[in-house]
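K.L.:
give me a model of this one.
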Amino acid sequence: MKIGKWLAGMILVVAALQAGIACAADSKPVVKATNKDDFAAVAAAIRQQIGPGGRWQYTSKSEKADIDSRLNDMQGLFDKFGTVDQMDQPAKQQLFSDQEAVNDILTRRDGNRMICENEIPTGSHIPKRVCRTYAQMRQDEQDAQTMMHNTRTGTPGINGGG
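P.N.:
Reported below is the predicted structural model:
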């Protein structure tokens, strides 16, 4: 009877470990500026880094549109007031709301964000902690999709080469 309970407990533990546990390092806010000039530099850097090869290249089209809209809203506030200190309370609230929304998207899509999972390697029952960046995970997904496509179409190699 004790062995049955122990075995059931171990099965639950293995199932939990097999599912994986994701964790990410705390990210610092990306969009944070107190005056018009600082904000312009931050906005330009973000717009450049959401493009191909950038830190946030895995941002979806709708997320990019949302980011662009919110950056434009924030630019309008800085054009009107100049600095955060000169903004009235509703403008500050709008600025904060826009910053939070942009930071949320950029944090989720940050290619440098480290994600760790417990994985059980094939042929083993011992879980192993594997840490990769978000960009590495997305690249692995794309490589797997390419390989599946190539297998279906008969194209050799991951990149279509032999």
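
K.L.:
low-scoring stretches of the chain, by residue?
P.N.:
Within the chain, the segments meeting pLDDT under 70 span 1-31, 156-162.

K.L.:
mind redoing it with 50?
P.N.:
Within the chain, the stretches with pLDDT under 50 are 1-27, 29, 160, 162.

K.L.:
do you have the helices of it handy? List them.
P.N.:
Assigned by DSSP state H, the chain shows helices spanning 2-19, 36-49, 61-81, 89-108, 134-153.

K.L.:
tell me which of these sits nearest to residue 123.
P.N.:
helix 2-19 (13.9 Å; CB to CB). Placement of C-beta: from N, CA and C, glycine included.

K.L.:
what residue is smack in the middle of the chain?
P.N.:
Nearest to the mean C-alpha position of the chain, by CA atoms, centre = their mean, lies residue 109 at 2.3 Å.

K.L.:
report the separation between that one and residue 116.
P.N.:
18 Å (CB to CB, to the nearest Å).

K.L.:
hang on, the earlier thing: give the contact list for the residue nearest to the centre of the chain.
P.N.:
Taking CB atoms under 8 Å, 6 or more residues apart in numbering, we find residue 109 in contact with 56, 58, 59, 63, 134.

K.L.:
out of those, which two sit at the greatest distance?
P.N.:
It's 63 and 134 that sit farthest apart of those, by CB to CB, at 13.8 Å.

K.L.:
bridged to residue 117, which residues?
P.N.:
residue 130 (DSSP bridges).

K.L.:
about what we covered before: distance of the residue nearest to the centre of the chain relative to residue 78?
P.N.:
24 Å.
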